[in-house]
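Engineer: fold the following.
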Amino acid sequence: MNKSLEIKNNELRKIKHDYGAQISYLYGLCLMERFDDLKKSLKDIINNNESTPTAVEISDNENSLLSLALKPAIDKGIHVIVEEKCDFKLVIMEEIELYRIISNIVNNAIRAMNGKGIIIAKTYEYSGNIIIKIENNGPKIEEKHLEDIFKSGFTTKDNNDKSHGFGLHIVKNLVESYKGKISVKSTDVSTQFKIVLPIK
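Structural biologist: Numbering: from 1, shown residues only. Below is the predicted model of the structure:
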């Protein structure tokens, strides 16, 4: 009987995971205002269409810097949507430094999300700048922490060995060294980092 119960529990866990993944995907489509795709996916779920995706990465170029920086999130089971509408070669910053900025933000999100949820990364040009937005639906960052989040050594994790709290400080310094700006806003729905970098 215990063996039968364990088999059923595993089946239920798989169903829960699949539906959770589908809901994350639908939420991502909603945030991106891709309402036609949202309608089609809902219809597919209602009709029990097995082709409804449970994880997604949307990008014209899977080897782009943005996609590569988000691979660790996909490997952890987080659902990722990438929407690129600009060329990073337009900014003065070295590619490796841009990668450090994005991966630092992504890695923080991965730790906060604990393998659940969705990350949406968008890039586009606006008013002589390249904008990078990285949004996740993990836990809210408390208002009292938002002012300190970019300070050296600041962390909400256990930090007895003083090895945490430097990633976002490094990110801010890098962005500002290229005359860019970085900001963060966090609500009960999502946390979004926004990076603004001037075009050459």
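Engineer: now do the contacts for the residue nearest the centre of the chain.
Structural biologist: Among the residues of the chain, Ile119 comes closest to the average C-alpha position under C-alpha atoms, centre = their mean, at 2.6 Å. Neighbouring residues of Ile119 by C-beta atoms under 8 Å, 6 or more residues apart in numbering: 70, 73, 78-81, 106, 109, 113, 134-136. For the C-beta atoms, the positions are set from N, CA and C on the backbone; glycine is no exception.
Engineer: can you list the residues you listed in JSON lines and add secondary structure and neighbour count?
Structural biologist: Listed next are the contacts of Ile119 as JSON lines, based on DSSP: H, G, I helix; E, B strand; the rest coil; neighbours: other C-beta atoms under 10 Å:
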{"residue": "Leu70", "secondary structure": "helix", "neighbour count": "26"}
{"residue": "Ala73", "secondary structure": "helix", "neighbour count": "24"}
{"residue": "Ile78", "secondary structure": "coil", "neighbour count": "24"}
{"residue": "His79", "secondary structure": "strand", "neighbour count": "25"}
{"residue": "Val80", "secondary structure": "strand", "neighbour count": "23"}
{"residue": "Ile81", "secondary structure": "strand", "neighbour count": "23"}
{"residue": "Val106", "secondary structure": "helix", "neighbour count": "23"}
{"residue": "Ala109", "secondary structure": "helix", "neighbour count": "21"}
{"residue": "Met113", "secondary structure": "helix", "neighbour count": "20"}
{"residue": "Ile134", "secondary structure": "strand", "neighbour count": "24"}
{"residue": "Glu135", "secondary structure": "strand", "neighbour count": "21"}
{"residue": "Asn136", "secondary structure": "strand", "neighbour count": "25"}
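Engineer: the residue nearest to the centre of the chain and Tyr178, how far apart?
Structural biologist: Noted for Ile119: a distance of 24 Å to Tyr178, by C-beta to C-beta, to the nearest Å.
Engineer: over to Glu84?
Structural biologist: From Glu84 over to Tyr178 the distance is 20 Å, taken as C-beta to C-beta.
Engineer: could you do Glu6 as well?
Structural biologist: 55 Å.
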